[in-house]
Every structure is written in structure tokens, then in C-alpha cells.
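mind folding the following:
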Amino acid sequence: MDRDTSIRSSAQATRLARSITNSQLLISAALLAFAVVVFVVQASAFQEPLFFGSLLLVFVLTGVALTVNWNPQRKRWAVLLPILDIFAIVGMREAEPELGAGLFLVLPVIWMARNYRLAGAVGAVALSTTLLWVAGLSDVGSGGTFEFEFGTQVLLPMTLVFIATTTYATSRRSQSQRDLLRQQSSLVESALVRARDQERILHEVINAVEFGVLAFDRDGVATLRNNAHEQSLREFGAPRSAVIHPTIYRPDGTTVFAAADRPYARAVEGEEFENAVFWVGAPGDVRAAYSATARQISTADGDPDGGVVVVRNITTELEAVRARENLAASVSHELRTPLTSIIGFLELAVDSPELTDETKRMLEIAARNSERMLSLVTDLLQTASDKDGTLTLSMSECDLAEIARQSIDSAQIAASQRDLTVSAIIDRPAVTTADPLRVRQVIDNLLTNAVKYNRTGGTVTVSVEAAEDSIRIDVTDTGVGVSPDDQAHLFDRFFRAGTARTSAIVGTGLGLAISRDIAKLHGGSLSVRSEVGVGSTFSLVLPAVSKGTP
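Below is the predicted model of the structure:
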């Protein structure tokens, strides 16, 4: 701030010195030209001491103006220069009236009116008029007669008044314009400083983040790249002039992206997208996976003005998902053998004639649950091994109401251990064409969750409602509920809601994802309505097919 003040003071002093010097040089140059003309046409005028002395005074004042270091503190002394110029010009006019030197009074009057505001204008005119009249009256005091000269005593002062007024008004207007320009310049300078500070902060923030940022203008020319993006380019040997990686691969890691399909090319064309996955690095070499998100930028009028692409390294995430899938596949494979043995021995035990009816019923329930567990393990293995996780269906005519009752029977033991009441609202059969094992898998999963995440002493209600075009199965609990944010991802693979993660209940996060896929494969849907602290309702809706329809 002190440096700026010093600069402004120095500039002000320079302008003041230039103004004083130029004004005095103008008067000196005019009188020099006048002296040359007088020397040619009337050289005898230089023999008059008053004429020569007055002319010499002007040139002495010019020398003073050139040698003095003028600053704002000395400005008040500079007014002596035009005042003495007025005396000198009046003296020249008094010495040789016929030469008309009085007209040069216009120059110091203009100087004072321009530089010393109203006081200078009034003072210059008053001093000039007074000297002109005093010079005329001096002849009377010396014994002469007063000769009134209209041009000298009236017309010339009137001219000086007009010129001083015009100069003062013009000077004020010019000063106002200079002040306005100075204010505007100050505002522009302040705005420029703020813009530079904001740009500096923006660059520091962008360079501090770990993900790559690449911005471009409306013509697709890159305007900004942060350090993370530059580092990514250097790590994979991109040329120094490159804006993006020369070669990238599709999510499968082997197919090269066509130029027009690359995320950056799509963003330049005005497209917005999220999480476009691509790989960098040739297969077999060091590689990295990235996720690109593009957003367009508009002007205040809504016109396109470029955009920005954010690139995030997701290699670690993809490796974690792959490791989790490999673990799921390994565990599932190891579980299939003992489950197959359990199912075989249960089937032999059920056929034993020594069993009571109650024991036989319990073994049948155990056998059905073992078969369901084997099916779940198979699904888990298929989900982990297949890239698309596609499930297969074995369609047949079945009664969804009966499947729901069987599922309720299987859940009774677990519910009783937590003092839960499981009730059914099933009025009539609900026959359709579906995969009964898969539908049972969905209902069992919903019931299991309703029991696991319920409160001790709570309730679980299963309702089956058959309409002409659809069958709806609702599983309602009085459990902990699911937040709105978690509901948006509840059916994603390996996702577990916050309430589930904070509990001691284990889970894989696959059950609801598989259940949703089963519902979609049947042409139906699986949805949820939930409130934290109140409970949840999961609704399975499947198309209804009348009995006998193939």
C-alpha cells in the first residue's frame, strides 16, 4: 500500500513539473517569436529599458521553471511565474503601446485559470486589468493627461474575462473527467487484483486435489490442467505437448477407444456424462483405470462456453471389487460340496420309516432350506464369476401364495428367537408363471432381512394381493428403517445400508441386488418404502398369468 502511494505521488509530481514547464515555455516561445518580429520591423524598441527588461524577465522566469524541481509542496510558489509574466507583458505594452504586446496577457491568464482554479482565474484577470488601468493613470501622476483607450481598458479585460471563464470551465470539466477516469482505473485495478487472487487460489485448490482436472473453452482448446492430470500424462509417457493420453482402452481393458468415442471428445462435443471408465497403459504393462465425469459451462446468457472434465483414478477400487468377487467365488465353491452332502443325507433321513410325523416335517423344512442355501451359493458363485451376473430362470406354473406360506414357515424359528410375530395376509391363491425357486429366494431374502433388522418384540407382516394384471407381495417390518440416501443404493451389489453397517449383523450386500435382478427377469419390480426408526416395506410385483396359460 505504501509503494502504491509513493508511485502515485511520484506521478503527480511529474505531471505538475511538466505542466509548469510547458506553460512557461509556451509564454517564452510566443514572446521570443514576438521579439524576433519586433527586431525586424522596429529594432529601436530594444533600446527602451522597460521593454528589454520586461522581455529579459520572461526568459529568466523560463530558466527558473526549467531548473527548479517542482513538487506539490512548491506548487504555491509556482504561481509567482505567471504573476511575474503578467507584470513583464504589461511592462512591454507600456514601453511600446503600438506593438500590442498586451494581447500576450492571454497566456498567463490561461495558465492561472487552468492550474489554480477559480482563484487563479479571478486573480489573473484582476491583476491584468489593474495593471492596465494603473499604467494608464501613471501618466496623470507624472503630469500627463489620461487618455482612455477602449481596446486596452475595456475590450482587452473583457477578452481576458471570457478566456479565463472558458479555461476555468474547461479545466473543471477535464478535472472531473480525470477524476472519473482515475476512479474507474482504480476500480479496474482492484478488480484485476481480485481476479488474479481468485485465479491464484483456484489454481492452488485445483492443484491440491488428487483427481485430474481438464478445462476447455468453447472451441475445445484446453485452458487449464492441474498437476494431477499432468502427472498422469507423465507416468504413462505421453508427449510433453499432449493434453490427453494418446491411447486409452475401454472398460474391458483391451479394446482401444475410437477417437470420437473418447470421454474428452464427447465432452468437447457438448455431452455431459458421469463415471465413464477407461484404462491407460497397454495390456501387460503398468496400467491404471480412470473414471471421467464431464460438465458443460455456460455464459450468463446461457450460451455454451466450454466445459470441464474431472478424471479420477479408480484402479484400487476396481482391484478391490475384483478381489471381493474372487473371495466370494472361492467361498461359494467351497460351500457347495458340504451342502450337497447335507441335502443328500437329509433326503435319506426323511425316507426313514421310524420317524414321527413332526420329526419328518422338521427334516423336510431343513431339506428345503438346504436346497435354498445351495441355490444361493450357486447364485453367489455365478455373480462373482460372470461379468454380467446373469441369472437363469426355470419357468413353470406356481402359486405365489403357497410359496409365501412356505417361506413364512421357514422364518418362524428365527422370528421366535427374537420374540417377533410373523403374520400373513393371504386371502386366495395367486397363480402365475414364474420360477418358483427364484421367487422363494426373493421372499426368503426379504423375510430374513425383516427378521434380522427388526426390534425385539416387533412384527413382520407378509401380504399377497392378486389382481388381473399383477401379483403384489409386501413384506413389512417394524425395524430400524433405511435413510433416503441409502435407499438410492440399497439394490446395488455389495452395498449395505448405514443401519446395517453399524449393527453386529453380518451380510454380503448381495441379497437385495440378486432379488431385484430376479424380479426384473420376471418382468416385475422390487421397491422399498422406509422411514428410519419406524420400519420398511419391500414390495415385489410380478406379472399375473391366469391358470392354464403356458
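
please tell me how far Asn454 sits from Leu374.
27 Å (Cβ to Cβ, to the nearest Å). Every residue, glycine included, has its C-beta placed from N, CA and C.

the two: which is more packed in?
Between Asn454 and Leu374, Asn454 has the larger neighbour count (other Cβ atoms under 10 Å), namely 23 against 17.

quick check, pLDDT for the more buried one.
According to the prediction, Asn454 has pLDDT 88.

next, give phi and psi for the nearest residue to it once chain neighbours are set aside.
Among residues not flanking Asn454 along the chain, Gly479 sits closest, at 4.2 Å (Cβ to Cβ, 6 or more residues apart in numbering). As for Gly479, its main-chain torsions (degrees, to the nearest 10) stand at phi -90, psi -160.

quick check: mean pLDDT of stretch 406-415?
Stretch 406-415 comes out at a mean pLDDT of 87.

ok, back up a step: the residue nearest to Asn454 - how many residues pack around it?
23.

I'd say it and Tyr453 touch.
Yes: between Gly479 and Tyr453 there is a contact under Cβ atoms under 8 Å: 4.3 Å.

what is in contact with the two at once?
Common contacts of Gly479 and Tyr453 (Cβ atoms under 8 Å, 6 or more residues apart in numbering): Ser536.

how far does stretch 194-209 sit from the chain's center?
11 Å (Cα atoms, centre = their mean, to the nearest Å).

report the buried residues of it.
Neighbour counts over stretch 194-209 (16 or more other Cβ atoms under 10 Å) mark Ile206 as buried.

not counting that stretch itself, show me its contacts.
Val213, Leu224, Asn226, Asn227, Ala228.

what's near enough to touch the third one?
Contacts of Asn226 were listed using Cβ under 8 Å, 6+ apart, and they are His203, Ile206, Asn207, Val209, Gly212, Val213, Leu214.

among those residues, which are in strands?
Those of the contacts of Asn226 mapping onto strands are Gly212, Val213, Leu214, per DSSP state E.

ok, for the second one, nearest residue in space, not its chain neighbours?
In this case it means Val213. Leaving aside its sequence neighbours, Val213 sits nearest to Asn226 (Cβ to Cβ, 6+ apart; 4.4 Å).

which regions of this structure sit below the pLDDT cut-off?
Along the chain, the parts satisfying pLDDT under 70 run over 1-13, 136-148, 324-337, 372, 375, 378-391, 493-510, 545-550.

identify the single longest helix in it, thanks.
If you go by DSSP state H, the chain has its longest helix at helix 156-208.

now Leu540, what are its backbone angles?
Per degrees, to the nearest 10, the backbone of Leu540 is at phi -100, psi 120.

and the gap between it and Leu521?
Going from Leu540 to Leu521 by Cβ to Cβ gives 13 Å.

can you check Ser527 too?
The value you get for Ser527 to Leu521, if Cβ to Cβ is used, is 16 Å.

phi and psi next, for Cys398.
The phi/psi pair for Cys398 (degrees, to the nearest 10) is phi -150, psi 160.

identify the residues contacting the residue nearest to it when sequence neighbours are not counted.
In this structure, Cys398 finds its nearest non-sequential neighbour in Pro436, 4.1 Å apart by Cβ to Cβ, 6+ apart. Pro436 sits next to Ser396, Cys398, Ile403 when contact means Cβ under 8 Å, 6+ apart.

surely the second one touches Pro429?
When you say that, I think you mean Cys398. No: counting by Cβ under 8 Å, Cys398 stays clear of Pro429, with 10.1 Å between them.

who's more crowded, these two?
More crowded of Cys398 and Pro429, by other Cβ under 10 Å: Cys398, with 18 against 13.

which residues does that one bridge with?
Thr432 (DSSP bridges).

can you tell me the helix or strand for Ile86?
Using DSSP states H and E, Ile86 falls within helix 80-95.

same deal with Asp285?
With DSSP H and E as the test, Asp285 turns up in no helix or strand.

residues near it, how many?
Number of residues near Asp285 (other Cβ under 10 Å) recorded here: 9.

list phi and psi for it.
Dihedral pair for Asp285: phi -100, psi -180, per degrees, to the nearest 10.

please tell me how far it sits from Arg312.
21 Å.

tell me the SS of the nearest residue to Pro263 once chain neighbours are set aside?
Closest residue to Pro263 apart from its sequence neighbours, by Cβ to Cβ, 6+ apart: Ala292 at 3.9 Å. Look at Ala292: counting by DSSP: H, G, I helix; E, B strand; the rest coil, its state is strand.

i'd like the first residue to be 10 from this point on
From this message on, residue numbering opens at 10, which makes the last subject Ala301.

what number of residues lie near Ala301?
When counting by other Cβ under 10 Å, one arrives at 23 neighbours for Ala301.

I'd say it and Phe287 touch.
Yes: using Cβ under 8 Å, Ala301 is in contact with Phe287, at 6.8 Å.

need the residues touching each of these two.
Common neighbours of Ala301 and Phe287 (Cβ under 8 Å, 6+ apart) are Pro272.

tell me, how many residues neighbour Val537?
Counted with other Cβ under 10 Å, Val537 comes out at 16.

and it, what is it in contact with?
So Val537 contacts Val491, Gln496, Leu499, Ser545, Thr546, Phe547, Ser548 (Cβ under 8 Å, 6+ apart).
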